[in-house]
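1. My questions are about this predicted structure, shown below with the sequence.
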Amino acid sequence: MNLNLTEHTEGKATFKIGNAFYRPGTQVVRDLGVLAATIYKSKIGHLRVIDAMSGCGVRSLRYSLESQADWIWVNEGNPELNPILQQNLAGAIASHKATLTHLDANQVFFECYNRRDYYDFIDVDCFGSPTPYLDTSLWALKLGGLLYLTSTDGRKLTGHASESSLGIYGAYPRNHPAAQEQGLRVVIGKLQQQAIAKGLGIEPIFSLFTGQTYRLMVRLVKTQPLTLQNYGFLGYCHHCGNYQTVSWRQLGRVVCAYDQKSLTLSGPLWLGLLHNQSWLRQMQGLAEKWHWSKRVQLLSLMEAEADFPPYFYTLAEIGRRGRLDIPKRESLIQALRDRGYFACATHITPGAIKTNADIHTCIAVALNSVHCTKKC
């Protein structure tokens, strides 16, 4: 057995990895979790956490040390990781602020439900699809509590295995330039369905794509916010490159509004807001206080993109369709704003913009910018 017993530091946590999985490059995911958990405790006054798939325990450590969690149920399905977890969490366990178990995550959630012991914050950092835990994790979550989900199921969510996605998510995603945002929306839609089946709903706090991993933070709420406006289909025209949202009532008679060609439909999926701007502003303020400058920038970008249409246009697609050099992102955003459109960058990829302009307008503005540059 090849054990990594080198001491690592992340945030305020010092830990060893042992034989557990740990990816330093996804620290941003853990940072945002810590920020949200800390904001939650400042609002509610207490914080009880389930770390359902703890690995080496770094998330539990950080929720304890940085978010000041009152109690953490640390669960790791692999009992072989017990020694390294006992070592890393020795302080929290000794101070009676944490317990360690080696159960299937669903067993943890069922046990909470059976005891009516609901938690404030549940972190489910699974591999592959989170579907096996969407329904059950809500059983253990307090009303108003936060659920932090992971999906690494990118092929299915981006339309490369649509038939498999239909069985797992109840949605048929197709591939197109904004497919990564689509992945976030498919998972939110599926989770929304599970909440509504319980007579409740979920509100996205933030939706993060880090290049390979989808991370969703949602809040369990009393209302059932699913409507014909925020849950439906995303249409993409392969002929002209435009997007449009499609309601259930339009199915069977929808074509591209610009060239009347058939649309490729993905869905059903969540069409509402990806982020809660109020939460993001509070998290941003805390990140500034902690001098986490990179997280401040990310949260600011996420706040700006929150209320844009449910898709983006890639600069490469604008360049290809307009037969021009790929435009500079900031220049195109400013040019669109100068013409009265809303436009901003997106955290999902640096090579794209979100805007309420259609792709024809984006191409025309980019071409005009090129011509102006040559004349100057």
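-> In hand now; what should we look at?
2. Now do the strands in the stretch 51-200 of the chain.
-> Secondary structure of the stretch 51-200 of the chain, counting by DSSP state E, counting those that start in this stretch: strands at 71-75, 98-101, 119-124, 141-151.
3. now the ones you listed in TSV, with mean neighbour count and mean pLDDT?
-> C-beta here means a position set from N, CA and C on the backbone, and glycine is covered the same way. Below are the strands of the stretch 51-200 of the chain laid out as TSV (neighbours: other C-beta atoms under 10 Å; pLDDT from 0 to 100):
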stretch	mean neighbour count	mean pLDDT
strand 71-75	23	98
strand 98-101	18	98
strand 119-124	24	98
strand 141-151	21	98
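4. These: which one's closest to P83?
-> With respect to P83, and counting by C-beta to C-beta, the nearest of the strands of the stretch 51-200 of the chain is strand 98-101 at 11.0 Å.
5. in its sheet, what does that closest one sit against?
-> strand 71-75 (parallel) (DSSP bridges).
6. Residues contacting the strand it pairs with, please?
-> The contact list for strand 71-75 (C-beta atoms under 8 Å, 6 or more residues apart in numbering) reads 48-54, 57, 60, 63-64, 85, 89, 92, 97-103, 105, 108, 119.
7. Please state the offset of it from the chain centre?
-> 23 Å (C-alpha atoms, centre = their mean, to the nearest Å).
8. try stretch 185-199
-> 14 Å.
9. Of all the residues in that stretch, which ones are buried?
-> 185-196 (16 or more other C-beta atoms under 10 Å).
10. What average pLDDT does it get?
-> Throughout stretch 185-199, pLDDT has a mean value of 95.
11. circling back to that earlier point, okay if I get the strands of the stretch 51-200 of the chain as CSV plus distance to I363?
-> Shown next, in CSV, are the strands of the stretch 51-200 of the chain (distance: least, C-beta to C-beta, whole Å):
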stretch, distance to I363
strand 71-75, 51
strand 98-101, 55
strand 119-124, 42
strand 141-151, 33
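12. returning to what we had before: which among the contacts of strand 71-75 end up buried?
-> Buried among those (16+ other C-beta under 10 Å): 48-54, 57, 60, 63-64, 85, 89, 92, 97-98, 100, 103, 105, 108, 119.
13. just checking, Y236 touches G267?
-> No. Using C-beta atoms under 8 Å, Y236 is not in contact with G267, being 11.1 Å away.
14. Tell me the confidence at K374?
-> Looking at K374, the pLDDT reads 54.
15. Please renumber the chain so that the first residue is 441 from this point on.
-> OK, 441 is where the count begins now, so the last one is K814.
16. Domain map for this structure?
-> 444-668+710-717, 752-816 (automatic domain parsing).
17. any idea how far C784 is from E770?
-> 10 Å (C-beta to C-beta, to the nearest Å).
18. typed the wrong thing, it's A797
-> A797 is 12 Å from C784, by C-beta to C-beta.
19. Could you do T598 as well?
-> From T598 to C784 the distance is 22 Å (C-beta to C-beta).
20. hang on, the earlier thing: who's more crowded, E770 and C784?
-> C784 (18 against 10; other C-beta atoms under 10 Å).
21. can you tell me the helix or strand for the more buried one?
-> strand 783-785 (DSSP states H and E).
22. I figured E506 hits D471, correct?
-> No. Assessed by C-beta under 8 Å, E506 is found out of contact with D471, at 9.2 Å.
23. what do the two both touch?
-> Common neighbours of E506 and D471 (C-beta under 8 Å, 6+ apart) are G451.
24. More neighbours: the two, which one.
-> D471 (22 against 19).
25. mind checking how far that one is from T576?
-> Applying C-beta to C-beta, the value for D471 to T576 is 27 Å.
26. Beyond whatever helix or strand L741 lives in, next helix or strand please.
-> Using DSSP H and E, L741 sits within helix 733-745. Once helix 733-745 ends, the next helix or strand along the chain (criterion: DSSP H and E) is strand 753-754.
27. who's in contact with that following strand?
-> Contacts for strand 753-754 (C-beta under 8 Å, 6+ apart): 617-618, 681, 789, 791-795, 799, 802.
28. okay, those residues in a markdown table with neighbour count next?
-> Formatted as a markdown table, these follow (neighbours: other C-beta atoms under 10 Å):
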| residue | neighbour count |
| --- | --- |
| P617 | 21 |
| A618 | 25 |
| G681 | 23 |
| T789 | 18 |
| G791 | 15 |
| A792 | 22 |
| I793 | 24 |
| K794 | 24 |
| T795 | 24 |
| I799 | 21 |
| C802 | 26 |
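29. Show me the residues you listed that map onto helices.
-> Mapping the contacts of strand 753-754 onto helices (DSSP state H) picks out 799, 802.
30. Identify, from the contacts of strand 753-754, the entry nearest to F646.
-> Closest to F646, out of all of those and judged by C-beta to C-beta, is K794, at 15.3 Å.
31. for A530, what are its contacts?
-> Listed by C-beta under 8 Å, 6+ apart, A530 has no contact partners.
32. just L631 next, same as before
-> Counting by C-beta under 8 Å, 6+ apart, L631 has contacts 574, 587, 589, 642, 656, 658.
33. distance of the first one from T541?
-> Relative to T541, L574 is positioned 21 Å away (C-beta to C-beta).
34. for the third one, same thing?
-> Note on L589: its distance to T541, by C-beta to C-beta, is 20 Å.
35. swap in K794?
-> In terms of C-beta to C-beta, K794 sits 42 Å off from T541.
36. Over to P523?
-> 15 Å.
37. Could you pull out the buried residues of the helix or strand Y480 falls within?
-> Here Y480, judged by DSSP H and E, is contained in helix 467-484. Of all the residues in helix 467-484, those buried under the rule 16+ other C-beta under 10 Å are 468-481.
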